[in-house]
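1. Got a predicted structure plus its sequence, pasted below:
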Amino acid sequence: MEDLGLAPKTKHSWLKDVPTHRLPRLAQPYPPPDKDIYETKEIASIWWKVQKVKKHPDGRGKFGGGWADMEPLDERNLGLVVGVDESVIIRDLETGDLVATIIRNFVGNEEVLDWINGIIDENVGLW
């Protein structure tokens, strides 16, 4: 645990340098509940191929085993754009509740990363 910076005395010390943004709730959810979004045509192409050969991994609720229609990302609908090298904590403006946390380069140990990615691959099952 010490190697990961998660020892009891140090586990939160690195968070002091992560900026916190307080954002208002969006008037309309984005993306809409029945849509998925993509950032580039290359990413869309990958997802279209996956959708042709795989059932949606979550057969519950709105998905019902099917994929949502995709549309390109419209950054005008985002409350905040976080850069690829940025870490942020996002809180609700009114309540102060934690909404999201993005921590870049959190785990530098390749074995741990492989283990985490294996769990994600096993449970998401897209590839």
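-> Yes, it's here. Residues are numbered from 1 along each chain as shown.

2. For the strand or helix carrying residue 48, name the packing helices and strands.
-> Residue 48 is part of helix 41-53 when elements are defined by DSSP states H and E. Here helix 41-53 touches strand 35-38, strand 69-72, going by 3 or more CB pairs under 8 Å, 6 or more residues apart in numbering; DSSP states H and E. The C-beta positions use only the backbone N, C-alpha and C, and glycine is treated the same way.

3. Just name the most buried of these.
-> Comparing these by mean neighbour count (mean count of other CB atoms under 10 Å), strand 35-38 comes out on top with a mean of 14.

4. So in that sheet, which strands flank that one, and in what orientation?
-> strand 69-72 (parallel) (DSSP bridges).

5. How far does the partner strand sit from its chain's centre?
-> Centroid displacement of strand 69-72 relative to its chain, using CA atoms, centre = their mean, to the nearest Å, is 17 Å.

6. picking that back up, and residue 97, which of the helices and strands packed on helix 41-53 is closest to it?
-> Nearest to residue 97 among the helices and strands packed on helix 41-53 is strand 35-38 (24.1 Å), distances taken as CB to CB.

7. ok, residues contacting the closest one?
-> Applying CB atoms under 8 Å, 6 or more residues apart in numbering, the contact partners of strand 35-38 are 31, 44, 47, 67, 68, 69, 70, 71, 72, 73, 74.

8. so how far is residue 35 from the fourth one?
-> Using CB to CB, to the nearest Å, one gets 11 Å for the distance from residue 67 to residue 35.

9. Then the last one?
-> Between residue 74 and residue 35 the distance is 11 Å, computed by CB to CB.

10. ok, now the third one?
-> According to CB to CB, residue 47 stands 12 Å off from residue 35.

11. shared neighbours of those two, which are they?
-> By CB under 8 Å, 6+ apart, residue 47 and residue 35 have these common neighbours: residue 70.

12. so the residue nearest the centre of the chain bridges to which residues?
-> Taking CA atoms, centre = their mean, the centroid of the chain lies closest to residue 102, which sits 8.0 Å from it. Beta-bridge partners of residue 102, counted by DSSP bridges, are residue 88.
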